[in-house]
Structures are given as structure tokens and as C-alpha cells.
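1. I need the structure of the sequence given here:
(2 chains)
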There are 2 protein chains.
Amino acid sequence: MERRLKHWGWGYEDQAPSATQLREAAEGIRARFGFGGEVEKPVPLEEVELRAVRLKRPSGFGDLFSDEHYERVSHALGKAYRDVVRGFYGRFENPPDLVAFPRDESEIEAVLSWAEAEGAAVIPFGGGTSVVGGVEARVGERPVVSLDLRRLDRVLEVDPASLAARIQAGATGPGLEGQLREHGLTLRHFPQSFEYSTLGGWIATRAGGHFATLETHVDDLVESVRAITPRGTWESRRLPGSGAGPSPDRLLIGSEGILGVIAEAWVRVRPRPEFKSSVSVEFGEFGQATEAIRAIAQSGLYPANCRLLDAGEAELTGAGDGSAHLLILGFESADHPVDTSMDRALEIARDHAGTPAATGRDVAPVDHGRSTDRSVDQWRGAFLLAPYLRDTFVACGVLSETFETAITWNRFEEFQATVMETARRATAEACGVPADGPGSPRVSCRLTHAYPDGAAPYFTVLAPAIRGGEVEQWDEIKAAVSEALIDAGGTITHHHAVGRDHRPWYDRQRPAPFAAALRAAKAELDPAGMLNPGVLIDPA
Amino acid sequence: MERRLKHWGWGYEDQAPSATQLREAAEGIRARFGFGGEVEKPVPLEEVELRAVRLKRPSGFGDLFSDEHYERVSHALGKAYRDVVRGFYGRFENPPDLVAFPRDESEIEAVLSWAEAEGAAVIPFGGGTSVVGGVEARVGERPVVSLDLRRLDRVLEVDPASLAARIQAGATGPGLEGQLREHGLTLRHFPQSFEYSTLGGWIATRAGGHFATLETHVDDLVESVRAITPRGTWESRRLPGSGAGPSPDRLLIGSEGILGVIAEAWVRVRPRPEFKSSVSVEFGEFGQATEAIRAIAQSGLYPANCRLLDAGEAELTGAGDGSAHLLILGFESADHPVDTSMDRALEIARDHAGTPAATGRDVAPVDHGRSTDRSVDQWRGAFLLAPYLRDTFVACGVLSETFETAITWNRFEEFQATVMETARRATAEACGVPADGPGSPRVSCRLTHAYPDGAAPYFTVLAPAIRGGEVEQWDEIKAAVSEALIDAGGTITHHHAVGRDHRPWYDRQRPAPFAAALRAAKAELDPAGMLNPGVLIDPA
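-> Numbering: from 1, shown residues only, chains lettered A, B, ... in the order given. Predicted coordinates:
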């Protein structure tokens, strides 16, 4: 039997931890955090009750459409904590009526035509890893087709001279990297969802990736995009740069499926790095660490990695013992040694009272993969495992959530403190626990991307869940922290997208005339308002 | 009396060459190129005949509006060869009826309201240096107000922590750099029009600047924009990065005045470079030089300058003697020495049969400005003088034009050869001279910006003008070369914008659904279609 993704939460069915592992995890969590409960079991797939299908599966399309129980369930939710906990309890309130699996563009067009005639909504679906309600059919009474693009999974063409590749939208991270490896190339776009998410999803949501500086978002890796709109094909020219009017690509990038279905893109790839250097640097004061990052980001050194874990986050991920803040610096190149750059970056870090780890430093050229610095490896592992761990948290009665944003340096210090404090207070209130001391919420912060003019802080919250009330808790915390982010001048999202969950704050953030322009553009290209209604803008 | 810009052509009235200088220039041109005629004189300002003003200058606005002859004349044309030659002959066919000089946003709003009520068109005007018909009122019978933003010329705020500055749209290059210098900062955006063009103009046209890699366009320097649309103020948040929906800024950047009037922007500035290195490298084969650039652009070294002059262009600008192609490489940093990077770049150049100049190399730290490499200096000087020289060409009966584009590396070689050949053939035909040999057109090429996936070639054409028929000649050459650029997969403009002159080819280049989206957006924000009609899209 084919390996199948879990119908809720993260990963494949065969990756679920055993009962023993879960029990031990729950004990460990209680011992460490002072909260969390006994292990509960998810509602199994066969016991999930869905509302009746409101669209008759059309004949004459072969296996293009499915109304199978598993498909409807596994396309009903994204992967926010809010989604995972509902999936765990078997609450799939907004399942699609049908799931379509096009193999090519003509089948995408067929789905759009058929759905438009039926008055159905269509939700483009890549890896389904949205953490902002981007793929959930919260569209009222309107019937819904989930348009799963994962059969469009191929690298179609490689242009080694221009270091570019034409890749189908449904290719997952490992899928496209595997195909590129045959050409000695890599995209090197590694969001946390890398294992499951797709190129089309990354482009639609402006996903953040591997690089802490320069190409921080997939936006910068896109050379051209091809999308199917209800009113024709939108294809931009392959160009290294252009000044011909506003960038067509930049209007599609971040459009979250409301303007068209991204079918493929030419993206900028590169040779695999031959020279790498990674070092972790400890700081006693958080402010000194952020000043070091500011200086490095403004130096023109362009580290590939420049992530800061505060002491709490370092402890949480096992990268540190919680006694210091940890800056993970990395340089990489396929062309030249990176020692000079690392030396200068470490000099800047030392100028800001940072202490580089004594335990080794990768030197050029290195084997791909492992660092000799334990903190670096530990953090990398934890990064990709975090979404798996969230499923365990749900089972053990731990509420977990993340918030990510960006802010200019001049406001950084106050902003970061305000958001931390708001998250702590709002979480304590929503969970009925004290804001400080034993049993209080764990709020930690990391900086994921660094810019000359600011940084992208990422907040993690862990707290005791009220069993059965997690969604209400989550909504309360989400609203309080989002309000704080927006009031203090940040963006509601640096790389998680807007979807449906971030709408109230996104609406306050964006310029009103831009919203009007976007609404008009959508009405022109999608007059039936069928594409992902409610995302980014309201249905007309 | 206040120093005044010439009513035609480039620069100030007091910068016009003397009769003797012009006569000597004409002789020199004839000797060098084998074409060009006697010096003719431009039609003086007082002899220029304009059509009657069709809008009564409104009372109650103080000196906001002007209908003076000089203002109407000097706002009637941009600075394309097509414009300069018409200005020279006194052909100001589409003068604005009024010119408005707002001092603040409320005055911009007042102009828009008044013009909308009058049914007039409004053309935002910065430095007036458009080379694509972007500021000329080719709008038929509709009365027109030219909206000159140069009174909005201040740096309003500097944020030294984030290295950002809030600058009014009408500030010119020298104006804003002068104000930033007081803070030890610089924008370092140096388009060829730098002396006269404005920040708002750069943003509206996606101007290309100083940096040959990374921040090639002003797009990358923009942190947020504030624009006045007929339906409200469009202001984005200051953010170092964001993933909240499609970028609002990227829809305004390149909008060429059709969506709103850019009033101010936060831009990313930087400390003045303390370490610089410039070296010129000679190549015998053009293909070897471009392969060297490709390797450098794909190396991750990010030179600030990486410009290639072909042998003809090197000779034309005096940077070389025409025996070799000349690559000008430059690195700069405010933080660290750039020798390691230059060493590696030169190593790559040598691997491609390049010969670095023996005559010196700047070492770190250097005095701002001069290089010790004569070719580098020579080229820099010629770059900023070129637009002045064009006026002289017009007076001496020399037709001059430039074309600029971008193309991916895989198509570069064939593309470049095709465009060169088309330009040579079309120019010879339009000028009635042989395509090769004595008296034939001079067609040369430089590469202005280098990307990992391609490059931006820039073509210069010099040929004998048919006196009085220059516009028709120009139109014929423009059409032939533009057709070739578009057929061969390039962009109709890498950094000169679209305006009215590039429309036919821009229309073929852009995705049709994007054009529909842009039209819908404009209809929403500018229902009267008053803002710069005919630019980018047709009036509804």
C-alpha cells in the first residue's frame, strides 16, 4: 500500500509515535515545563464524521475528482495548531466536497471551468501546510473543490548556463531537490515545512527560506511564473531583471491562490555549496546579540545563516542550556572560501560581547551536511522536527503556537519586549495560570532573518491547554499578540502568509487603495469569485 | 536671476557649449565617424510657438499653477533623442496647458481634485528626464496639467539605526545626497540622469542605478512608499521584509504615474564606502568577457561595478583605444577590505583570458572618488557627460539612440548578435548609408548590470541624421530594434521604463491577465483616467 500522510497533523501515518513514546514524552514535558496532561488519543479516520458532499462527482473526468473520505478529511485543514488540535478531536468542520488531482494544465482548466459552472469555490492546495487557514474551506454554504497540485511534481527543464530550472508547482521540497541533484544543482529554499510543502505553495505564500540575508523569501528566487486564471494564462517572460512596468510576478507572488492557480515557475538555482562555515556565538545580553546582528546585517557580509535563539529558545531546542543567547552564524559558497567573511563577522560579534563556541568550526571545503559545532546541529534537527513535536503537544495537552513578524531596527527593542510581554500575559490569561513562575507559559524568541534595516523575530508559546477549549484559547492569544504586533508597527506575517486567520490585522496593515486595487484585479480575473474566497480580501 | 534648465535638451542654460566649441566638436565628429554636418542652432525659447492654453489658470491657489511660456515649453518633452531633436527644432507639439508646483501633499490633492473636476489629465513630473515619452502629454484633445514635484525636495527624517531615510519625491540625486551627507549617509543610486532626476521618478520608473549586482534597481532600496491617488492615500508600512500578501510597494514601483502620485518614500541608505577597489580588465574576445561576467555574477562575490564595454564603446567613451573589450570591476564596502573579493574576481577574469590593467588598482581605504586606473575614470566621466553630448550630436546632425534590455545567459550570445545586427542594418537603412565600412553607423554595446541568470546589455547607435527627418529615422530604428528585442525573448526595458514610446512592445511582453488586472486597478483608483493616460495601458 502507498505511504499515506496522516489525516491530521504532521507527517506520514507510519511516523506516529508509539503509545510508550507518547507517555514518556508527556512525562518529560510535565517535568520540564510544569504543565501538560495525560496522553489522549486522536479520533481515528474512520470515526471522523463529515458533512454530506454537496457536489456530485462529475463523470467523464476519469480519476480527476475524488469524493473519498480520506481525501476530504486530509484536505480539510491546514497545519496551524488550531488545525492540528481540531483534526486530533475529529473536528473537520469545513471539508471540501471534492478533491481534484490534475495531471496537467488542461486538467486545471477543466476543474476551473467545471467549478465555475457549478458555482463552486476552488481552493488551490499544495502541501496543505498552511498555518494561517489558507486552505480551509471556510466559505459558508458554497460547495468547494480542493485543487491538489501534487501530481504536477516534475522539474521540466534545467538551464545550466543561467542556473535556472522550470519546475511544476506541485513539486515538494525533497521532490524538486532530488531532481535538481541529478544536475548538481539546488534551489536551497528550506522553509520549516520543506518536507511536504510545494514550490507553488511557497510562491503563493511568499515563503521564507534558508537564507537569513539576501534571498530571504522565495520571491527572490522566482525568475518567471505561469498561472492559470479563470480568464486565461498568466505567464511572465524569463528575465534576469526588468523595468517594464510594475512586476507581474510580484503581484502573483503572495496572491495565495485568489488570482490564479500557479502551475509552474522558472526559479533560480545554484551549485551545491563547496565551502561552508558555521559557528555559534553566545551572548549574555539579548540586546548585545541583536546589536551584533544589526552590525553584521549592515556590513555587507551576507551570511547564509544568521539566526539568534534567545536563552529560552536555545534551551527548548536543545541547542543550549538556557544560560546564554545563541547566535548561529553560517557562510557558504560554491565558488570561494568563506573564512574571511566568517572572521570579520566573528570580529563584529566579539565587539558586541559575543563569545564564539570553542567547539569547532567548519572549514572549507567541507562535507555537505553536519557541522562540528554541536549547537548548530542540534538547532537544525529541532527546526525540522518542530512540526512533528506539535502533534505530540496536542496529544499531551500542551498548547503551542508561533508568531512571526518583522520590524525596523529603530523600533526593535521596544517591539520585541512588548510582544514577549503581551504573549506571556495573554497566554497566562487564556490558560488560567500565572504569567510568571512555576507552571507559567513558556514564551521564547528567535530571529530568523536579518536585514540592513531590521529583523524578523519569531515567537514560540507553550502553555497548558484546556482540553476541548484549545481553539478558543488559541483564538484569544492569537488576537492579543496580533493586535500588539500591528499596533507596534510590525507586519502580521514575515513569511507565514495571511490566509484567513491573519485577515483582521492584515486589513489594518495594508494600504486601503492597494486593497481596492487587489479587489478590482480579482474581480477582473475571477469574476465568479471562485478562487480561495475570503483569503486576503472579502468576496465581492 | 535663478539658474534655469535649458528649455530643450540636457542641463542648465549656462552649460550650453559656445559656437566655437560646437564647431570644433562637429569637425571632430566628422573626422572620427565619417558623418555629421555643419552646426545648426536651436530655435530659441522666445520663438517657440505653442498651442493656446485650454485651461484657465484657476484663481485662489496662489502660485500653485503656472501658464508661463518657459514652464509650458520645458515641461512639454522628455529627454529621448526623439524629444531633444524636436526641442531643438522648436517642435513642442504637446505642451501642458498648466504646470503645477505643489509644496506639500495637500497641494497635490488640490491639483488632482481641480483637474478631475475640469476633466483634465495630470502628468506627474520629476526631473523630466524620461527617455520613453513618459512625461509628454500625447493625450489628444484633453487638457493637461503637468504636476512638477521638485518643490518637494527634502530629506524629512533619518533613521540611523535602521539606515533608512524618509525623502520627498521631488528631491534630485544631488539634492538628496547633499542632505544625506550631513548624516554621513548615502543612497548610492546613480542613474545616468542622476543630476536632474528625482527619487519619485526613479521609483515610478524602476530606475537602474549604481550597483551592477544585488540592488540593481531602485526597487530594492525602497522600504515603503506614500502616494496620493485620486481615491485616497496609499501608504505602506516601513518593513525590512514582509510576506503579507502581494507587495503593495511592488505595484507602485514601476507604475509610471498611472495609479497615483508618489509623494515620499522611506529608502534604505548606507554609510559612505571606506574601502574601494576598481580594476579594468581587457579581453580580446567579447564572448570570453561575457563568460567571465557570468562566472563572476554566479560566484556570489557581488561586485558593485561589473560593466563591460565592447571595443567600440570603449573607444567611443575614451576608456580604451578600441583594440579590446573592457570589463570594469569594482568592489566597495563601508565595513571591510574588499581585496579578497577583487582577487577572486580577477582570478575568474584571468581564467577567461582577461588581462587586468597594469596601471594601478585602488587599495583600501581610499579617498572617495578617483580611481588610479585611467580607464575607470574615463568611463565614469563619459557616463555622466553622455546626455550633454547628445545635445551636441543633435546640433551637428548626428542621430544617436540607445536601447537597453535584459536576457538570460542561455540566450545571451545569439540575442546580442541579433540585436547588434538589427540595429546596424535598420540604422543604415533609415539613414541611407552602407551598413559597414566608411560612413556606416556606429553600433556598440555595453553590459550595465549582471545577474546570476543573465545580464543587461545596453546598445548605443550613432549615425548620420537626415536634417528635419530625425524623428522618422528614429521611429524606424526604434521599431526595428524593439521588434528584435521582443522576438528574441528580451524585455523592452531593463531600466528606462515603458512610457508611451515602448508601448507596442510592452503590450506584447506582459502577461495579458496582468494587463487586465492593472487596468482594473487603475479604473478603481483613478476612475476619471486622469493620471498619465496612455502610459503602460490605454485609457478605458
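2. contacts and neighbour counts: CA atoms only from here.
-> OK.
3. Tell me which stretches of the stretch 151-300 of chain A form helices.
-> A:173-181, A:199-205, A:248-252, A:286-297 (DSSP state H, counting those that start in this stretch).
4. could you say what helices and strands the last one packs with?
-> In other words, helix A:286-297. Under the contact definition 3 or more C-alpha pairs under 8 Å, 6 or more residues apart in numbering or on different chains; DSSP states H and E, helix A:286-297 sits against strand A:305-309, strand A:325-333, helix A:339-351, strand A:442-451.
5. one more time with 7 Å, if that's ok
-> Contact here means 3 or more C-alpha pairs under 7 Å, 6 or more residues apart in numbering or on different chains; DSSP states H and E; on that basis helix A:286-297 packs against helix A:339-351.
6. tell me which strands and helices the helix it packs on is in contact with?
-> Using 3+ C-alpha pairs under 7 Å, 6+ apart, helix A:339-351 sits against helix A:286-297.
7. and A:Thr213, what is it in contact with?
-> By C-alpha atoms under 7 Å, 6 or more residues apart in numbering or on different chains, the contact list for A:Thr213 reads A:302-304, A:449-451.
8. now, among those residues, which is nearest to A:Phe283?
-> The nearest member of those to A:Phe283, counting by C-alpha to C-alpha, is A:Ala450 at 17.1 Å.
9. Around chain B, which positions in the stretch 301-450 of chain A sit nearby?
-> A:335, A:406-410 (C-alpha under 7 Å from any C-alpha of the partner chain).
10. tell me which residues of the lowest-mean-pLDDT helix or strand in chain A are tucked away?
-> In chain A, no helix or strand scores lower on mean pLDDT, DSSP states H and E than helix A:374-395, which sits at a mean of 82. For helix A:374-395, a neighbour-count test (16 or more other C-alpha atoms under 10 Å in any protein chain shown) marks A:374-379, A:382, A:384, A:387-395 as buried.
11. Please name every helix or strand in contact with whichever helix or strand comes after that helix.
-> Counting by DSSP states H and E, the element after helix A:374-395 in chain order, helix or strand, is strand A:398-404. Counting contacts by 3+ C-alpha pairs under 7 Å, 6+ apart, strand A:398-404 packs against strand A:454-464.
12. residues in contact with the helix or strand following the strand it packs on?
-> Going down the chain from strand A:454-464, the next helix or strand is helix A:470-487, by DSSP H and E. Residues from elsewhere that reach helix A:470-487, judged by C-alpha under 7 Å, 6+ apart: A:82, A:419, A:422-423, A:426-427, A:430-431, A:491-492, A:505.
13. redo that, cut-off 8 Å
-> Helix A:470-487 has contacts (C-alpha atoms under 8 Å, 6 or more residues apart in numbering or on different chains) with A:82, A:85-86, A:399, A:401, A:403, A:405, A:415, A:418-419, A:422-423, A:426-427, A:430-431, A:465-466, A:491-492, A:505, A:508-509.
14. so how far is it off the chain centroid?
-> 18 Å (C-alpha atoms, centre = their mean, to the nearest Å).
15. residues touching the closest residue in space to A:Asp148 that isn't next to it in sequence, list them.
-> Distances taken as C-alpha to C-alpha, 6 or more residues apart in numbering or on different chains place A:Phe125 nearest to A:Asp148, at 4.7 Å, with adjacent residues excluded. A:Phe125 sits next to A:75, A:135, A:146-149, A:201 when contact means C-alpha under 8 Å, 6+ apart.
16. quick one, phi psi at A:Phe125?
-> Note on A:Phe125: its backbone torsions stand at phi -140, psi 120 [degrees, to the nearest 10].
17. mind listing which of the contacts of helix A:470-487 are in helices?
-> Using DSSP state H, the members of the contacts of helix A:470-487 that fall within helices are A:82, A:85-86, A:415, A:418-419, A:422-423, A:426-427, A:430-431, A:505, A:508-509.
18. could you flag which of those are buried?
-> With burial judged by 16+ other C-alpha under 10 Å, the buried subset of these is A:82, A:85-86, A:415, A:418-419, A:422-423, A:426-427, A:430-431, A:505, A:509.
19. which sections of chain A are below the confidence cut-off?
-> A:1, A:358-373, A:379, A:540 (pLDDT under 70).
20. give me the number of residues near the nearest residue to A:Thr408 once chain neighbours are set aside?
-> Nearest non-adjacent residue to A:Thr408, counting by C-alpha to C-alpha, 6+ apart: A:Gly454, 3.9 Å away. Using other C-alpha atoms under 10 Å in any protein chain shown, A:Gly454 is surrounded by 26 other residues.
21. so A:Gly454 sits right up against A:Ile293, yeah?
-> No - under the criterion of C-alpha atoms under 8 Å, A:Gly454 is not in contact with A:Ile293, lying 9.5 Å apart.
22. hmm, back to that, filter the residues of the stretch 301-450 of chain A next to chain B down to the buried ones and hand me the ChimeraX line.
-> This is the ChimeraX syntax for the buried subset of these, where burial follows 16+ other C-alpha under 10 Å:
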select /A:335,406,407,408,409,410
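23. what's the farthest-apart pair in the residues of the stretch 301-450 of chain A next to chain B?
-> Spatially, the most separated pair among those is A:Asp335 and A:Asn410, at 35.5 Å (C-alpha to C-alpha).
24. got the buried residues for the helix or strand A:Gln21 falls within?
-> Using DSSP H and E, A:Gln21 maps to helix A:19-33. Buried residues in helix A:19-33, counted by 16+ other C-alpha under 10 Å: A:22-23, A:25-27, A:29-30, A:33.
25. With stretch A:224-234 instead?
-> Buried residues in stretch A:224-234, counted by 16+ other C-alpha under 10 Å: A:224-230, A:233-234.
26. next one: stretch A:135-143
-> Judged by neighbour count using 16+ other C-alpha under 10 Å, the buried positions of stretch A:135-143 are A:135-138, A:142-143.
27. which one among those gets closest to chain B?
-> Taking C-alpha to the nearest C-alpha as the measure, chain B sits nearest to A:Val135 out of the buried residues of stretch A:135-143, at 15.0 Å.
28. what about the residue nearest to A:Asp148, distance to chain B?
-> According to C-alpha to the nearest C-alpha, to the nearest Å, A:Phe125 stands 17 Å off from chain B.
29. Distance of that residue relative to A:Ala169?
-> 10 Å (C-alpha to C-alpha, to the nearest Å).
30. what sits in contact with each of these two?
-> The contact sets of A:Phe125 and A:Ala169 overlap at A:149, A:201 (C-alpha under 8 Å, 6+ apart).
31. so which helix or strand takes in the nearest residue to A:Pro248 once chain neighbours are set aside?
-> Leaving out its chain neighbours, the residue that sits closest to A:Pro248 by C-alpha to C-alpha, 6+ apart is B:Phe514, at 6.1 Å. Take DSSP H and E as the rule and B:Phe514 turns out to sit in helix B:512-525.
32. what angle sits between that helix and helix A:512-525?
-> Counting by axes from the mean of the first three to the mean of the last three C-alpha atoms, to 10 degrees, helix B:512-525 lies at 130 degrees to helix A:512-525.
33. Pull the distance from helix B:512-525 to the chain's centre.
-> Relative to its chain's centre, helix B:512-525 lies at 26 Å (C-alpha atoms, centre = their mean).
34. Give me the buried positions along it.
-> Judged by neighbour count (16+ other C-alpha under 10 Å), helix B:512-525 contains these buried residues: B:512-525.
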